[in-house]
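**Q** What follows is a predicted protein model with its sequence.
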Amino acid sequence: MSRTVRLIETGFDPAEELRRFTAGTGEVGAIVSFTGVARGLAKDGAPLQALVLEAYRSVTLRSMEAIAADAHARFAVTASLVLHRAGRILPGEPIVLVATAAPHRRAAFDAADYLMDRLKSEAVFWKREEGVSGAVWIEPTTDDAAALTRWGRTPQEAACPE
Amino acid sequence: MSEALALVVELCGKLADVQGREITVPIPAAGCTAASLLDRLREGFPALAPLLVPGKVRVCINEAIAPADGLARPGDLVALFPPVSGG
C-alpha cells in the first residue's frame, strides 16, 4: 500500500503526475483521478486575476496526510496520490490532483470522492480570490459542508482540525 | 511576579490583513496558556479582537494546534489560525 502526499508552491502537470502514479501502482484493476483547476470567474461572475492559497506547511501537510490515511482506512485502495498547490495560482492552472488505485473501481471512485470532499473543507488552507476590485477571503461553501456530511463528518470538525 | 518576555505570533489568513504578518506580545517568562494568549492579544490588539473568537481561532504552538490549556513559552513558534477554508 502506498500513500503519497505533496504540497507544492510551483505549477505541475497533472498528466505527467498521473503517468508516474500509474506506473507505480503495480497490479490493480482501477485507477481514478481528479484534477481541480482554478476558475477564471468568481461566484458573482466577476473575472478573477488569481487564487491565493495560504498554507502553514507542517500543519497543512499533516492535515492532508491525516485525510489520506483515513481514506486508506475506509476504502479498499492500494495506492493514493494527493498533490496540492499553495501560493498564487492563475486561472486555468491546476490546484489539486487526487489519484487512487484499487483492485475494483468502486473503491477507487469512492476514495477519490472522499479525499476531495475532505480536502475542500478540512485541509489547512486559507483561500483568497484576487480580482480587479480587490481580494476576498473564501470560507467553505454550504455545498462543501453538505459534501462532508455524506461521509459522516460535520463542518465543526472541519473548522477545528487537530 | 515573573518577568515578561516577548513572544512573536504569526498571523495567518485574514488575520494578517488586520495587523500584519507578525505581532509581538509580552508573556510571563514561564509561559502562558493558549486561552490566556488569546486574552492578551484581544487586550493588546483591539483591531484583532473581533476576529479572535474562542473556538474559532486556533493557537498553533510549535507546529501543532494547541488545546486551550496548551502552554506557549517565550521562543516557541506560535501562529494563530482563523477557520480554515479548505483547499
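**A** Thanks, I have the structure now.
**Q** Report the contact partners of the residue in chain B positioned nearest to chain A.
**A** As assessed by CB to the nearest CB, chain A sits closest to B:Gly13 within chain B, at 3.2 Å. In this view, the C-beta of every residue, glycine as well, is placed from N, C-alpha and C. B:Gly13 makes contact with A:Glu54, A:Trp126, A:Trp137, B:Phe81, B:Pro82, B:Ser85, according to CB atoms under 8 Å, 6 or more residues apart in numbering or on different chains.
**Q** Now render these as CSV, adding distance to A:Ser63, pLDDT and neighbour count.
**A** Formatted as CSV, the contacts of B:Gly13 follow (distance: CB to CB, whole Å; pLDDT from 0 to 100; neighbours: other CB atoms under 10 Å in any protein chain shown):
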residue, distance to A:Ser63, pLDDT, neighbour count
A:Glu54, 13, 98, 20
A:Trp126, 12, 97, 24
A:Trp137, 18, 94, 16
B:Phe81, 11, 97, 22
B:Pro82, 15, 95, 21
B:Ser85, 12, 92, 24
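**Q** and residue 68, which of the three is it?
**A** Unless you meant another one, I'm taking chain A. The local conformation at A:Ala68, judged by DSSP: H, G, I helix; E, B strand; the rest coil, is helix.
**Q** Determine the number of other residues adjacent to it.
**A** With neighbours defined by other CB atoms under 10 Å in any protein chain shown, the count for A:Ala68 comes to 23.
**Q** Please identify the helix or strand for the closest residue to B:Leu5 other than its chain neighbours.
**A** Nearest residue to B:Leu5, sequence neighbours excluded (CB to CB, 6 or more residues apart in numbering or on different chains): B:Pro74, at 3.8 Å. Under DSSP states H and E, no helix or strand contains B:Pro74.
**Q** In this structure B:Pro74 contacts B:Pro26, no?
**A** No. Using CB atoms under 8 Å, B:Pro74 is not in contact with B:Pro26; the gap is 9.2 Å.
**Q** shared neighbours of the two, which are they?
**A** Taking CB under 8 Å, 6+ apart as the criterion, B:Pro74 and B:Pro26 both touch B:Leu5, B:Ala6, B:Leu7.
**Q** so what's the closest residue to A:Gly29 other than its chain neighbours up against?
**A** For A:Gly29, ignoring the flanking residues on the chain, the nearest one in space by CB to CB, 6+ apart is A:Pro103 at 4.8 Å. Shown in contact with A:Pro103 (CB under 8 Å, 6+ apart): A:Val28, A:Gly29, A:Ala30, A:Ala76, A:Thr78.
**Q** ok, back up a step: just the pLDDT for the residue of chain B closest to chain A.
**A** B:Gly13 is assigned a predicted lDDT (pLDDT) of 97.
**Q** Next to chain A in this structure, residues from chain B, please.
**A** Those residues of chain B that sit near chain A, judged by CB under 8 Å from any CB of the partner chain, are B:12-14, B:17, B:55-56, B:58, B:60, B:63-65, B:79, B:81-87.
**Q** What's the local residue count around the nearest residue to A:Leu90 once chain neighbours are set aside?
**A** Leaving aside its sequence neighbours, A:Leu90 sits nearest to A:Ala50 (CB to CB, 6+ apart; 5.6 Å). By the criterion of other CB under 10 Å, A:Ala50 has 16 neighbours.
**Q** Which strand residues bridge the residue of chain A found nearest chain B?
**A** Chain B sits closest to A:Trp126 of chain A, with a gap of 3.2 Å, by CB to the nearest CB. Per DSSP bridges, the residues bridged to A:Trp126 are A:Glu54.
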